[in-house]
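> coords below, sequence missing:
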(Lines give C-alpha, C1' and ligand atoms only; values in the text may rest on other atoms or scores of the structure.)
Protein backbone atom coordinates (compact mmCIF):
# COMPACT_ATOMS: atom_id res chain seq x y z
CA UNK A 1 0.00 0.00 0.00
CA UNK A 2 1.11 3.58 -0.62
CA UNK A 3 -1.01 5.18 2.09
CA UNK A 4 -0.39 8.82 2.95
CA UNK A 5 -0.47 9.19 6.74
CA UNK A 6 1.45 12.47 7.07
CA UNK A 7 1.76 15.74 5.15
CA UNK A 8 4.79 17.95 5.85
CA UNK A 9 5.51 15.76 8.85
CA UNK A 10 2.06 16.36 10.34
CA UNK A 11 0.03 13.21 11.06
CA UNK A 12 -3.36 13.15 9.38
CA UNK A 13 -6.45 12.99 11.59
CA UNK A 14 -8.59 9.83 11.75
CA UNK A 15 -11.49 11.55 9.97
CA UNK A 16 -9.21 12.15 6.99
CA UNK A 17 -7.70 8.67 6.98
CA UNK A 18 -11.16 7.08 6.92
CA UNK A 19 -11.52 8.14 3.28
CA UNK A 20 -8.86 5.84 1.89
CA UNK A 21 -6.48 4.31 4.43
CA UNK A 22 -5.63 0.68 3.76
CA UNK A 23 -6.92 0.65 0.18
CA UNK A 24 -5.12 1.25 -3.13
CA UNK A 25 -7.48 1.95 -6.08
CA UNK A 26 -4.79 0.75 -8.50
CA UNK A 27 -5.31 -2.80 -7.23
CA UNK A 28 -9.03 -2.69 -8.09
CA UNK A 29 -9.21 -1.20 -11.60
CA UNK A 30 -9.06 2.34 -10.19
CA UNK A 31 -12.30 1.98 -8.23
CA UNK A 32 -12.51 4.95 -5.83
CA UNK A 33 -14.19 2.81 -3.19
CA UNK A 34 -13.13 -0.73 -2.37
CA UNK A 35 -15.31 -3.35 -4.07
CA UNK A 36 -17.04 -6.01 -1.98
CA UNK A 37 -14.89 -9.12 -2.31
CA UNK A 38 -17.41 -11.98 -2.29
CA UNK A 39 -15.09 -14.96 -2.30
CA UNK A 40 -14.37 -17.77 0.13
CA UNK A 41 -10.80 -18.46 -0.94
CA UNK A 42 -7.80 -16.90 -2.67
CA UNK A 43 -5.31 -18.23 -5.22
CA UNK A 44 -1.65 -18.39 -4.15
CA UNK A 45 1.05 -17.00 -6.46
CA UNK A 46 3.13 -20.11 -5.72
CA UNK A 47 3.22 -23.20 -3.52
CA UNK A 48 5.92 -21.55 -1.42
CA UNK A 49 3.60 -18.59 -0.80
CA UNK A 50 0.84 -20.95 0.31
CA UNK A 51 3.17 -22.68 2.73
CA UNK A 52 4.36 -19.36 4.17
CA UNK A 53 0.80 -18.12 4.66
CA UNK A 54 -0.22 -21.27 6.51
CA UNK A 55 2.87 -21.12 8.67
CA UNK A 56 1.61 -17.73 9.85
CA UNK A 57 -1.99 -18.86 10.29
CA UNK A 58 -1.08 -21.97 12.30
CA UNK A 59 1.42 -20.15 14.50
CA UNK A 60 4.53 -21.92 13.23
CA UNK A 61 5.76 -18.47 12.30
CA UNK A 62 4.78 -15.34 14.27
CA UNK A 63 2.94 -12.49 12.63
CA UNK A 64 0.04 -14.21 10.92
CA UNK A 65 -0.48 -14.75 7.19
CA UNK A 66 1.53 -12.63 4.78
CA UNK A 67 -1.34 -12.61 2.31
CA UNK A 68 -4.91 -13.64 1.66
CA UNK A 69 -5.79 -17.29 2.24
CA UNK A 70 -9.39 -18.10 3.12
CA UNK A 71 -12.18 -15.81 4.23
CA UNK A 72 -12.52 -17.44 7.66
CA UNK A 73 -9.02 -16.07 8.33
CA UNK A 74 -8.78 -12.83 6.36
CA UNK A 75 -10.14 -11.02 3.31
CA UNK A 76 -9.68 -7.59 1.68
CA UNK A 77 -12.75 -5.80 3.09
CA UNK A 78 -12.08 -7.05 6.60
CA UNK A 79 -8.41 -6.07 6.45
CA UNK A 80 -9.25 -2.56 5.25
CA UNK A 81 -11.80 -2.23 8.07
CA UNK A 82 -9.37 -3.48 10.70
CA UNK A 83 -6.65 -1.07 9.53
CA UNK A 84 -9.06 1.85 9.91
CA UNK A 85 -10.45 0.72 13.27
CA UNK A 86 -6.98 0.60 14.78
CA UNK A 87 -6.44 4.27 13.87
CA UNK A 88 -9.20 5.63 16.10
CA UNK A 89 -7.79 4.11 19.30
CA UNK A 90 -4.11 4.42 18.41
CA UNK A 91 -3.87 0.62 18.43
CA UNK A 92 -1.23 -1.53 16.76
CA UNK A 93 -3.77 -4.04 15.46
CA UNK A 94 -7.51 -4.72 15.33
CA UNK A 95 -9.76 -7.72 14.67
CA UNK A 96 -13.33 -7.69 13.37
CA UNK A 97 -16.10 -10.10 14.34
CA UNK A 98 -19.64 -10.99 13.33
CA UNK A 99 -21.04 -9.29 16.47
CA UNK A 100 -19.91 -7.51 19.59
CA UNK A 101 -20.70 -10.56 21.69
CA UNK A 102 -18.68 -12.78 19.35
CA UNK A 103 -15.72 -10.46 19.90
CA UNK A 104 -16.19 -10.60 23.68
CA UNK A 105 -16.68 -14.36 23.86
CA UNK A 106 -13.68 -15.19 21.66
CA UNK A 107 -11.55 -12.70 23.62
CA UNK A 108 -12.47 -14.24 26.98
CA UNK A 109 -12.08 -17.81 25.72
CA UNK A 110 -8.61 -16.96 24.44
CA UNK A 111 -7.28 -15.87 27.80
CA UNK A 112 -9.30 -17.91 30.33
CA UNK A 113 -8.36 -21.45 31.36
CA UNK A 114 -9.66 -23.90 33.96
CA UNK A 115 -9.17 -22.53 37.48
CA UNK A 116 -8.66 -18.96 36.31
CA UNK A 117 -10.45 -15.90 37.69
CA UNK A 118 -11.79 -12.96 35.68
CA UNK A 119 -12.11 -9.65 37.50
CA UNK A 120 -14.76 -7.39 36.02
CA UNK A 121 -16.48 -4.10 36.70
CA UNK A 122 -20.22 -3.73 37.14
CA UNK A 123 -22.60 -3.17 35.59
CA UNK A 124 -21.78 -4.99 32.37
CA UNK A 125 -24.00 -5.57 29.39
CA UNK A 126 -26.19 -8.48 30.53
CA UNK A 127 -24.93 -10.88 27.85
CA UNK A 128 -21.30 -10.15 28.78
CA UNK A 129 -21.96 -10.75 32.46
CA UNK A 130 -24.00 -13.84 31.63
CA UNK A 131 -21.25 -15.37 29.50
CA UNK A 132 -18.77 -15.02 32.34
CA UNK A 133 -21.12 -16.18 35.11
CA UNK A 134 -23.13 -18.89 33.31
CA UNK A 135 -21.00 -20.28 30.49
CA UNK A 136 -17.35 -19.89 31.47
CA UNK A 137 -18.22 -21.32 34.89
CA UNK A 138 -18.92 -24.65 33.16
CA UNK A 139 -15.22 -24.83 32.34
CA UNK A 140 -14.00 -23.95 35.84
CA UNK A 141 -13.57 -20.20 35.30
CA UNK A 142 -14.84 -17.98 38.13
CA UNK A 143 -15.07 -14.23 38.61
CA UNK A 144 -14.86 -11.41 41.13
CA UNK A 145 -16.53 -8.08 40.38
CA UNK A 146 -16.32 -4.51 41.65
CA UNK A 147 -18.53 -1.42 41.20
CA UNK A 148 -17.67 0.92 38.34
CA UNK A 149 -16.65 3.85 40.52
CA UNK A 150 -14.34 1.84 42.79
CA UNK A 151 -11.30 3.62 44.24
CA UNK A 152 -7.72 2.36 43.98
CA UNK A 153 -7.99 0.91 47.50
CA UNK A 154 -11.18 -0.96 46.63
CA UNK A 155 -9.65 -2.30 43.42
CA UNK A 156 -6.57 -3.44 45.35
CA UNK A 157 -8.81 -5.39 47.72
CA UNK A 158 -10.71 -7.01 44.85
CA UNK A 159 -7.50 -8.08 43.12
CA UNK A 160 -6.19 -9.55 46.38
CA UNK A 161 -9.40 -11.55 46.72
CA UNK A 162 -9.14 -12.69 43.10
CA UNK A 163 -5.54 -13.83 43.56
CA UNK A 164 -6.51 -15.88 46.60
CA UNK A 165 -9.46 -17.39 44.74
CA UNK A 166 -7.32 -18.22 41.72
CA UNK A 167 -4.63 -19.84 43.88
CA UNK A 168 -7.26 -22.01 45.52
CA UNK A 169 -8.50 -23.08 42.09
CA UNK A 170 -5.03 -23.81 40.77
CA UNK A 171 -5.26 -20.98 38.26
CA UNK A 172 -4.45 -17.31 37.84
CA UNK A 173 -6.18 -13.96 37.40
CA UNK A 174 -6.38 -14.11 33.61
CA UNK A 175 -8.09 -10.82 32.71
CA UNK A 176 -9.54 -7.62 34.09
CA UNK A 177 -12.61 -6.85 32.00
CA UNK A 178 -14.17 -3.39 32.21
CA UNK A 179 -17.16 -1.62 30.73
CA UNK A 180 -17.07 2.16 30.94
CA UNK A 181 -19.52 3.78 30.82
CA UNK A 182 -21.47 0.84 32.17
CA UNK A 183 -24.67 -0.28 30.51
CA UNK A 184 -27.25 1.15 31.24
CA UNK A 185 -26.33 3.43 34.15
CA UNK A 186 -23.40 5.30 32.52
CA UNK A 187 -21.22 4.62 35.57
CA UNK A 188 -17.53 5.24 34.80
CA UNK A 189 -14.53 3.07 35.70
CA UNK A 190 -11.21 4.62 36.73
CA UNK A 191 -9.02 2.88 34.15
CA UNK A 192 -5.87 4.58 35.43
CA UNK A 193 -6.50 3.24 38.94
CA UNK A 194 -7.19 -0.24 37.55
CA UNK A 195 -3.93 -0.14 35.60
CA UNK A 196 -1.92 0.94 38.64
CA UNK A 197 -3.53 -1.75 40.79
CA UNK A 198 -2.96 -4.39 38.11
CA UNK A 199 0.69 -3.48 37.70
CA UNK A 200 1.27 -3.62 41.45
CA UNK A 201 -0.60 -6.87 42.16
CA UNK A 202 -0.42 -8.94 38.98
CA UNK A 203 2.14 -7.49 36.62
CA UNK A 204 1.66 -6.74 32.93
CA UNK A 205 0.85 -10.33 31.89
CA UNK A 206 -2.80 -9.96 32.92
CA UNK A 207 -4.53 -7.92 30.18
CA UNK A 208 -7.00 -5.14 30.90
CA UNK A 209 -9.84 -5.13 28.35
CA UNK A 210 -12.58 -2.51 28.18
CA UNK A 211 -15.87 -2.26 26.33
CA UNK A 212 -15.80 1.27 24.89
CA UNK A 213 -19.06 1.03 22.93
CA UNK A 214 -20.88 3.90 24.68
CA UNK A 215 -18.19 6.54 24.03
CA UNK A 216 -15.97 5.15 21.30
CA UNK A 217 -14.36 5.84 19.05
CA UNK A 218 -14.77 9.63 19.41
CA UNK A 219 -15.28 10.47 23.09
CA UNK A 220 -12.89 8.11 24.90
CA UNK A 221 -9.52 6.45 24.14
CA UNK A 222 -9.00 3.84 26.89
CA UNK A 223 -5.64 2.66 25.58
CA UNK A 224 -4.33 6.12 26.53
CA UNK A 225 -5.47 5.56 30.13
CA UNK A 226 -3.76 2.18 30.46
CA UNK A 227 -6.14 -0.42 29.03
CA UNK A 228 -4.53 -3.10 26.82
CA UNK A 229 -7.51 -4.11 24.70
CA UNK A 230 -10.51 -2.03 23.59
CA UNK A 231 -13.77 -3.77 22.66
CA UNK A 232 -16.63 -2.50 20.49
CA UNK A 233 -20.05 -3.45 19.38
CA UNK A 234 -19.62 -1.94 15.91
CA UNK A 235 -23.39 -2.30 15.56
CA UNK A 236 -23.72 0.89 17.58
CA UNK A 237 -21.97 4.20 16.84
CA UNK A 238 -19.43 2.91 14.33
CA UNK A 239 -22.07 1.26 12.13
CA UNK A 240 -24.45 3.99 13.15
CA UNK A 241 -27.41 3.26 10.87
CA UNK A 242 -29.11 0.30 12.63
CA UNK A 243 -28.57 -1.86 9.54
CA UNK A 244 -25.73 -4.21 10.52
CA UNK A 245 -24.32 -6.30 13.40
CA UNK A 246 -20.57 -6.54 14.05
CA UNK A 247 -17.89 -6.22 16.72
CA UNK A 248 -14.18 -5.64 17.13
CA UNK A 249 -11.24 -5.59 19.49
CA UNK A 250 -8.03 -3.58 19.17
CA UNK A 251 -4.70 -3.37 20.95
CA UNK A 252 -1.06 -4.39 20.70
CA UNK A 253 -0.26 -7.32 18.43
CA UNK A 254 0.90 -9.39 21.40
CA UNK A 255 -2.69 -9.31 22.70
CA UNK A 256 -4.36 -9.60 19.29
CA UNK A 257 -2.37 -12.52 17.86
CA UNK A 258 -3.68 -15.19 20.30
CA UNK A 259 -7.27 -14.00 19.70
CA UNK A 260 -6.68 -14.10 15.95
CA UNK A 261 -5.56 -17.74 16.27
CA UNK A 262 -8.79 -18.71 18.04
CA UNK A 263 -10.87 -16.70 15.56
CA UNK A 264 -9.13 -18.56 12.74
CA UNK A 265 -10.28 -21.83 14.31
CA UNK A 266 -13.80 -20.88 15.40
CA UNK A 267 -14.72 -18.44 12.65
CA UNK A 268 -16.75 -15.43 13.64
CA UNK A 269 -14.93 -12.93 11.44
CA UNK A 270 -17.05 -10.09 10.06
CA UNK A 271 -18.46 -10.86 6.60
CA UNK A 272 -17.27 -8.80 3.58
CA UNK A 273 -20.54 -6.96 2.97
CA UNK A 274 -20.75 -5.84 6.60
CA UNK A 275 -17.07 -4.84 6.56
CA UNK A 276 -17.73 -2.72 3.45
CA UNK A 277 -20.72 -1.06 5.14
CA UNK A 278 -18.63 -0.31 8.23
CA UNK A 279 -15.94 1.34 6.11
CA UNK A 280 -18.71 3.49 4.63
CA UNK A 281 -19.93 4.38 8.11
CA UNK A 282 -16.46 5.23 9.42
CA UNK A 283 -16.32 8.08 6.90
CA UNK A 284 -19.08 9.91 8.80
CA UNK A 285 -18.73 8.56 12.35
CA UNK A 286 -17.23 11.82 13.67
CA UNK A 287 -20.00 13.95 12.11
CA UNK A 288 -22.78 11.67 13.35
CA UNK A 289 -21.43 11.41 16.88
CA UNK A 290 -20.85 15.15 17.15
CA UNK A 291 -24.42 15.92 16.07
CA UNK A 292 -25.88 13.28 18.39
CA UNK A 293 -23.80 14.61 21.28
CA UNK A 294 -24.98 18.17 20.69
CA UNK A 295 -28.59 16.97 20.54
CA UNK A 296 -28.19 15.00 23.77
CA UNK A 297 -26.93 18.06 25.63
CA UNK A 298 -30.02 20.06 24.58
CA UNK A 299 -32.45 17.22 25.36
CA UNK A 300 -30.93 16.57 28.78
CA UNK A 301 -31.10 20.24 29.68
CA UNK A 302 -34.85 20.02 29.09
CA UNK A 303 -35.30 16.70 30.88
CA UNK A 304 -33.32 17.76 33.94
CA UNK A 305 -35.81 20.56 34.62
CA UNK A 306 -38.95 18.46 34.10
CA UNK A 307 -41.02 17.81 37.25
CA UNK A 308 -41.67 14.15 36.33
CA UNK A 309 -37.96 13.37 35.99
CA UNK A 310 -36.24 12.09 39.13
CA UNK A 311 -32.72 12.12 37.71
CA UNK A 312 -30.44 11.65 34.72
CA UNK A 313 -27.47 9.38 34.18
CA UNK A 314 -25.94 11.79 31.66
CA UNK A 315 -22.20 12.32 31.66
CA UNK A 316 -22.60 16.02 30.92
CA UNK A 317 -24.39 16.52 34.26
CA UNK A 318 -22.40 14.43 36.74
CA UNK A 319 -22.99 15.37 40.37
CA UNK A 320 -20.89 12.67 42.06
CA UNK A 321 -17.38 13.96 42.79
CA UNK A 322 -15.67 10.64 42.13
CA UNK A 323 -17.44 10.13 38.80
CA UNK A 324 -16.73 13.71 37.74
CA UNK A 325 -13.04 13.22 38.45
CA UNK A 326 -12.95 10.09 36.26
CA UNK A 327 -14.87 11.87 33.51
CA UNK A 328 -12.50 14.83 33.49
CA UNK A 329 -9.45 12.56 33.20
CA UNK A 330 -10.80 9.95 30.77
CA UNK A 331 -13.52 11.39 28.54
CA UNK A 332 -13.47 13.76 25.60
CA UNK A 333 -17.25 14.23 25.49
CA UNK A 334 -20.45 13.30 27.29
CA UNK A 335 -21.84 11.01 24.60
CA UNK A 336 -25.43 10.72 23.50
CA UNK A 337 -26.65 7.67 25.43
CA UNK A 338 -27.93 8.17 28.97
CA UNK A 339 -30.35 6.85 31.57
CA UNK A 340 -33.55 8.70 32.44
CA UNK A 341 -35.04 8.10 35.89
CA UNK A 342 -38.77 8.78 36.03
CA UNK A 343 -40.79 9.41 39.16
CA UNK A 344 -42.67 6.14 39.48
CA UNK A 345 -41.89 2.65 38.25
CA UNK A 346 -42.46 0.25 35.39
CA UNK A 347 -46.01 1.44 34.67
CA UNK A 348 -44.92 5.05 34.29
CA UNK A 349 -41.96 4.06 32.12
CA UNK A 350 -44.18 1.97 29.86
CA UNK A 351 -46.63 4.85 29.43
CA UNK A 352 -43.76 7.14 28.51
CA UNK A 353 -42.28 4.65 26.02
CA UNK A 354 -45.64 3.84 24.43
CA UNK A 355 -46.35 7.55 23.93
CA UNK A 356 -43.18 8.39 21.98
CA UNK A 357 -43.80 9.45 18.39
CA UNK A 358 -40.35 10.29 17.00
CA UNK A 359 -38.11 8.20 19.23
CA UNK A 360 -38.37 4.47 18.54
CA UNK A 361 -38.91 1.81 21.20
CA UNK A 362 -35.88 -0.42 20.54
CA UNK A 363 -32.96 -1.85 22.50
CA UNK A 364 -29.90 -0.76 20.53
CA UNK A 365 -28.05 2.57 20.60
CA UNK A 366 -25.73 4.78 18.60
CA UNK A 367 -27.85 4.92 15.43
CA UNK A 368 -28.98 7.94 13.46
CA UNK A 369 -32.42 7.64 15.05
CA UNK A 370 -33.32 8.22 18.69
CA UNK A 371 -34.06 5.00 20.61
CA UNK A 372 -35.51 4.32 24.04
CA UNK A 373 -35.90 1.13 26.07
CA UNK A 374 -36.58 -0.21 29.55
CA UNK A 375 -33.49 -2.20 30.62
CA UNK A 376 -34.99 -3.86 33.71
CA UNK A 377 -37.62 -5.63 31.59
CA UNK A 378 -35.68 -5.87 28.33
CA UNK A 379 -31.88 -5.96 27.94
CA UNK A 380 -31.26 -6.80 31.61
CA UNK A 381 -34.33 -8.95 32.23
CA UNK A 382 -32.15 -12.04 32.80
CA UNK A 383 -30.14 -10.31 35.55
CA UNK A 384 -31.38 -11.40 39.03
CA UNK A 385 -33.45 -8.76 40.80
CA UNK A 386 -31.00 -8.38 43.69
CA UNK A 387 -28.15 -7.89 41.22
CA UNK A 388 -30.12 -5.26 39.31
CA UNK A 389 -30.87 -3.44 42.55
CA UNK A 390 -27.19 -3.46 43.53
CA UNK A 391 -26.23 -2.05 40.12
CA UNK A 392 -28.87 0.68 40.16
CA UNK A 393 -30.98 -0.80 37.35
CA UNK A 394 -34.43 -0.02 38.73
CA UNK A 395 -37.93 -0.23 37.29
CA UNK A 396 -37.97 3.55 36.83
CA UNK A 397 -34.89 3.62 34.58
CA UNK A 398 -35.17 4.22 30.83
CA UNK A 399 -32.16 4.09 28.53
CA UNK A 400 -32.17 6.68 25.78
CA UNK A 401 -29.84 6.97 22.79
CA UNK A 402 -30.18 10.32 21.05
CA UNK A 403 -29.89 10.40 17.26
CA UNK A 404 -29.31 13.12 14.70
CA UNK A 405 -32.87 14.42 14.31
CA UNK A 406 -33.70 18.05 15.06
CA UNK A 407 -33.16 18.63 18.78
CA UNK A 408 -36.27 20.80 19.20
CA UNK A 409 -38.41 18.07 17.64
CA UNK A 410 -36.99 15.52 20.06
CA UNK A 411 -37.68 17.80 23.02
CA UNK A 412 -41.28 18.21 21.86
CA UNK A 413 -41.62 14.43 21.59
CA UNK A 414 -40.27 13.82 25.09
CA UNK A 415 -42.45 16.63 26.46
CA UNK A 416 -45.66 15.13 25.11
CA UNK A 417 -44.63 11.60 26.20
CA UNK A 418 -43.96 12.82 29.74
CA UNK A 419 -47.38 14.42 29.65
CA UNK A 420 -48.87 10.93 29.32
CA UNK A 421 -47.19 9.75 32.53
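Now that the structure is in, tell me what you want to look at. Keep in mind it's a predicted model, so treat the numbers as computed, not measured. Numbers count the residues shown, from 1 in each chain.

> Leaving out chain neighbours, which residue sits closest to residue 333?
residue 219 (3.8 Å; CB to CB, 6 or more residues apart in numbering). Yep, even glycine has a C-beta here, placed from its N, CA and C like the rest.

> pLDDT score for the one you found?
Among the per-residue scores, residue 219 holds a pLDDT of 97.

> Next: residue 180.
97.

> surely it meets residue 222?
Yes - Residue 180 is within contact range of residue 222, at 7.4 Å (criterion: CB atoms under 8 Å).

> Common neighbours of those two, please.
191, 210, 212, 330 (CB atoms under 8 Å, 6 or more residues apart in numbering).

> Buried ones among those?
191, 210, 212, 330 (16 or more other CB atoms under 10 Å).

> how many other residues sit next to the closest residue to the last one other than its chain neighbours?
Counting by CB to CB, 6+ apart, residue 330 lies nearest to residue 225, which is 5.5 Å off, once chain neighbours are set aside. Burial of residue 225, expressed as a neighbour count using other CB atoms under 10 Å, amounts to 21.

> swap in the one 5 residues further on?
Residue 230 is flanked by 29 other residues according to other CB under 10 Å.

> Against which helices or strands is the helix ranked longest in the chain packed?
In the chain, taking DSSP state H as the definition, the longest helix is helix 285-304. Contacts defined by 3 or more CB pairs under 8 Å, 6 or more residues apart in numbering; DSSP states H and E place helix 285-304 against strand 309-313, strand 337-342, helix 407-419.

> angle of the last one against strand 337-342?
Direction vectors for helix 407-419 and strand 337-342, defined by axes from the mean of the first three to the mean of the last three CA atoms, to 10 degrees, enclose an angle of 30 degrees.

> in helix 407-419, what counts as buried?
407, 410-411, 413-414, 417-418.

> Which residues outside that helix are in contact with it?
294-295, 298-299, 302-303, 306, 308-309, 352-353, 355-359, 370, 402.

> hmm, try it at 10 Å
Applying CB atoms under 10 Å, 6 or more residues apart in numbering, the contact partners of helix 407-419 are 291-292, 294-299, 301-303, 306-309, 340, 342, 348, 351-359, 370, 372, 400, 402-403, 405-406.

> ok, and for stretch 305-322, which residues are buried?
306, 309, 311-318.

> Can you measure across it, start residue to end residue?
24 Å (CA to CA, to the nearest Å).

> now stretch 103-122
19 Å.

> where do the helices sit along the stretch 151-300 of the chain?
152-169, 191-201, 222-225, 253-266, 272-282, 285-304 (DSSP state H, counting those that start in this stretch).

> Let me know which of those helices is the nearest to residue 57.
helix 253-266 (5.8 Å; CB to CB).

> So which elements touch the closest one?
helix 47-58, strand 93-97, helix 100-111, strand 229-233, strand 247-251 (3 or more CB pairs under 10 Å, 6 or more residues apart in numbering; DSSP states H and E).

> Run through who's touching stretch 190-200.
Here stretch 190-200 makes contact (CB under 10 Å, 6+ apart) with 119, 121, 146, 148-160, 173, 176, 178, 180, 204-208, 210, 220, 222-228, 322-323, 325-326, 329-330.

> Would you mind checking the residues you listed for buried ones?
Applying 16+ other CB under 10 Å to those flags 119, 121, 146, 148-150, 155-156, 158-159, 173, 176, 178, 180, 206-208, 210, 220, 222-223, 225-228, 323, 326, 330 as buried.

> quick one: which of the residues you listed sit in strands?
Residues of those located in strands (DSSP state E): 119, 121, 146, 173, 176, 178, 208, 210.

> Identify the farthest-apart pair in those residues.
Farthest pair in these (CB to CB) is 173 and 210. Separation: 16.2 Å.

> mind checking how far stretch 186-200 is from the chain centre?
Going by CA atoms, centre = their mean, to the nearest Å, the spacing between the C-alpha centre of stretch 186-200 and its chain's C-alpha centre is 17 Å.

> and if you look at stretch 352-371?
On the basis of CA atoms, centre = their mean, stretch 352-371 is displaced by 20 Å from the centre of the chain it belongs to.

> Please spell out which residues along that stretch are buried.
Within stretch 352-371, the residues scored as buried using 16+ other CB under 10 Å are 352-353, 355-356, 358-360, 364-367, 369-371.

> Among these, name the ones in strands.
Going by DSSP E, the strands hold 360, 371 from the buried residues of stretch 352-371.

> now, the most widely separated pair of the buried residues of stretch 352-371?
Of all pairs in these, the most separated under CB to CB is 355 and 366 at 23.5 Å.

> Tabulate the buried residues of helix 407-419 in a markdown table, adding columns for distance to residue 40 and pLDDT.
Shown next, in a markdown table, are those (distance: CB to CB, whole Å; pLDDT from 0 to 100):
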| residue | distance to residue 40 | pLDDT |
| --- | --- | --- |
| 407 | 46 | 98 |
| 410 | 45 | 98 |
| 411 | 50 | 98 |
| 413 | 46 | 98 |
| 414 | 48 | 98 |
| 417 | 48 | 98 |
| 418 | 52 | 98 |
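
> Please consider this matter closed, and thank you.
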